[in-house]
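[1] Give me the fold of what follows.
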Amino acid sequence: MDKLTCQQLSAKLEEIQQLFRTININAPNISNLLDLSENLKVEAEKLEDLIVPFNYGLRQRLAKKIGVKYLSDFHESLAKAFDGEKWFYINQEGINIFPTLDFDEAGNFSGGYAKVKKTKKYSILDKKGQKHLINNTSASDIGEFNEGKSWWLNGLGAKYFIGEVDGKPQIIFRNHEPRGDGSFKNGIAIATKIPGSPQVGVYFINKEGEKIINETFHQAWNFDGEKALVNNFVSGKYIYYFIDKQGNKTEIPNLKNHIIKSFSKNGIASEKKLPSGERIFYFTDSEGKIIRQRADIKFLMPSRTNTLIIHKDDGECQITDIKGLQCVPGIFISAKDMGDGVFKVTKKDGEQAYIDIYGQEIFKN
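    Prediction:
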């Protein structure tokens, strides 16, 4: 996992201290951890073992104090809250900053904007509470804002990268169409040429819309750390490669002709149909070596937090890590990752509830 910079660590600690102040608890003296980020190269994974459950517990106490069922992490000093019927945004004092607005869906703020949905209509919300459309047209869907950018799918099926231009959200690249989940990660996104262009395939671009590797691929999965995953269709087979930001490729022979379901720097989940017609799901380590295979899976879906939602042949649903091991306790009929360590699940008795990463019920739907 990537190292935390001092600035990133400082932001995390400042958020925790603000939560302490909000719920009237004296914040502990944890500023001495800041020096460890650079001097001892503290790994984010080790730090999150302490911060994630710690911060989650504070969020739950703040949610109880202000009378909401669920409270997200703070993003750009704002958090989304759910009272059981509607979503709204609060500041770090627990105050609803847009008291006349509520939503059916709400995203996290990034770059001053968030995705929202009301009465089946999507729009982009700014920090003044104003809602924006692109080209004054309705959207079939909008991506989550990440690194200040998102994507917009209009009613005609055209998809665009969007970001801030002249103080408002607008289309930022006219010659690129988003691919994959359409989001920027560490300044990189996957794109293809707009429909009608003679060039085919996908490629990687930076925030200026420039290709970072002068090569196109059949498919690509965005960079997680220092490597991404790409494939090309050669002689009737999918050939997969790890690729770095300089364009150097390493073939992954174990995955030849597999269908990739999810990729992270910790592993890959894939599917392959055998000549018998049986489908097998495979899970690899960070180097692409197969470490587990399962034949009891009907289908699986990647989630926001590098977990997998696995639907088994027997109708049960599990939440696992990228390597196919159950990581959230409980057996369900369905599950959806809501972000911030929260999952919306349907239990075996048909009851719907929101649970945390430990399988504990936060509230019923």
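[2] Next, count neighbours for residue 140.
    Summarising burial for residue 140: neighbours were counted as other CB atoms under 10 Å, giving 13. For every residue, glycine as well, the C-beta is placed using N, CA and C.
[3] what's the span of stretch 153-172, first residue to last?
    Terminal residues of stretch 153-172 lie 14 Å apart, using CA to CA, to the nearest Å.
[4] next one: stretch 315-322
    The separation between the terminal residues of stretch 315-322, taken as CA to CA, is 21 Å.
[5] List the contacts of that stretch.
    262, 264, 266-269, 283, 303, 306-312, 326-328, 330-335, 343, 345, 348 (CB atoms under 8 Å, 6 or more residues apart in numbering).
[6] among those, which are in helices?
    Secondary structure from DSSP state H places none of those in helices.
[7] Can you go through those and name the buried ones?
    Neighbour counting by 16 or more other CB atoms under 10 Å classes 262, 264, 266-269, 283, 303, 306-311, 327-328, 330, 332-333, 335, 343, 345 among these as buried.
[8] can you tell me which of the residues you listed are in strands?
    Residues of the buried ones among the contacts of stretch 315-322 located in strands (DSSP state E): 262, 264, 267-269, 283, 308-311, 327-328, 330, 332, 335, 343, 345.
[9] tell me the centre residue of this structure?
    For the chain, the residue whose C-alpha lies nearest the mean C-alpha position (CA atoms, centre = their mean) is residue 304; its distance is 3.3 Å.
[10] could you pull out the strands for the stretch 151-300 of the chain?
    Defined through DSSP state E, counting those that start in this stretch, the strands belonging to the stretch 151-300 of the chain, from first to last, are 159-165, 168-171, 176-178, 189-193, 202-205, 219-224, 227-234, 237-243, 249-251, 259-264, 267-273, 279-284, 290-294, 297-302.
[11] In the first one, which residues are buried?
    Within strand 159-165, the residues that count as buried by 16+ other CB under 10 Å are 159, 160, 161, 162, 163.
[12] Closest to residue 180 out of those residues?
    Using CB to CB, residue 159 is the member of the buried residues of strand 159-165 that lies nearest residue 180, at 11.2 Å.
[13] and that closest one, what are its bridge partners?
    residue 153 (DSSP bridges).
[14] and if you look at residue 279?
    Note on residue 279: beta-bridge partners residue 273, judged by DSSP bridges.
[15] pLDDT at residue 71, what is it?
    pLDDT recorded at residue 71 is 88.
[16] Spit out the contact partners of it.
    For residue 71, the set of contacting residues under the criterion of CB under 8 Å, 6+ apart consists of 59, 60, 62, 63, 79, 80, 81, 82, 90.
[17] so of these, which ones are in helices?
    In this view, the contacts of residue 71 that belong to helices under DSSP H are 59, 60, 62, 63.
[18] Looking at the residues you listed, which two lie furthest apart in space?
    Comparing every pair within the ones in helices among the contacts of residue 71 by CB to CB identifies 60 and 62 as the most remote, at 7.4 Å.
[19] Those two: which has the busier surroundings?
    Counted by other CB under 10 Å, residue 60 and residue 62 do not tie: residue 62 has more neighbours, with 22 against 16.
[20] circling back: who wins for neighbours among the contacts of residue 71?
    Highest neighbour count within the contacts of residue 71, by other CB under 10 Å: residue 79, with 27 neighbours.
[21] what is residue 311 paired to in the beta sheet?
    Taking DSSP bridges as the rule, residue 311 bridges to residue 299, residue 317.
[22] please begin residue numbering at 51 from this point
    New numbering, starting at 51: the last item is residue 361.
[23] Quick check: the gap between it and residue 312.
    When distance is defined by CB to CB, to the nearest Å, residue 361 is 14 Å away from residue 312.
[24] shared neighbours, those two?
    Listed contacts common to residue 361 and residue 312 are residue 350; contacts here mean CB under 8 Å, 6+ apart.
[25] on that earlier part again, which among the contacts of residue 121 gets closest to residue 305?
    Among those, and counting by CB to CB, the member closest to residue 305 is residue 130, at 37.5 Å.
[26] show me what contacts the closest one?
    Contact criterion CB under 8 Å, 6+ apart gives 121, 122, 137, 138, 139, 156, 157, 158, 164 as the residues in contact with residue 130.
[27] How about residue 394?
    Residues 385, 386, 388, 402, 403, 404, 415 are the ones in contact with residue 394 under the rule CB under 8 Å, 6+ apart.
[28] Would you mark the buried spots in stretch 227-239?
    Of the residues in stretch 227-239, those with enough neighbours to count as buried (16+ other CB under 10 Å) are 227, 228, 229, 230, 231, 232, 233, 234, 235, 238, 239.
[29] repeat for stretch 109-125
    Going by neighbour count (16+ other CB under 10 Å), the buried part of stretch 109-125 is 109-110, 112-113, 116, 118-125.
[30] Stretch 329-340 too?
    For stretch 329-340, the neighbour count (16+ other CB under 10 Å) marks 329, 331, 332, 333, 334, 336, 338, 340 as buried.
[31] quick one: which two of those residues are the most distant?
    Between all members of these, the longest pairwise span (CB to CB) is found for 329 and 336 and amounts to 24.4 Å.
[32] Distance of residue 140 relative to residue 198?
    Counting by CB to CB, the gap from residue 140 to residue 198 is 21 Å.
[33] What distance do you get for the nearest residue to residue 194 once chain neighbours are set aside to residue 352?
    With sequence-adjacent residues excluded and distances taken as CB to CB, 6 or more residues apart in numbering, residue 194 is closest to residue 157, at 4.9 Å. Relative to residue 352, residue 157 is positioned 18 Å away (CB to CB).
[34] Who has more neighbours out of those two?
    For residue 157 versus residue 352, neighbours defined as other CB under 10 Å are more numerous around residue 157 (25 against 19).
[35] which ones are touching that one?
    With contact set as CB under 8 Å, 6+ apart, residue 157 has these partners: 130, 164, 165, 166, 194, 195.
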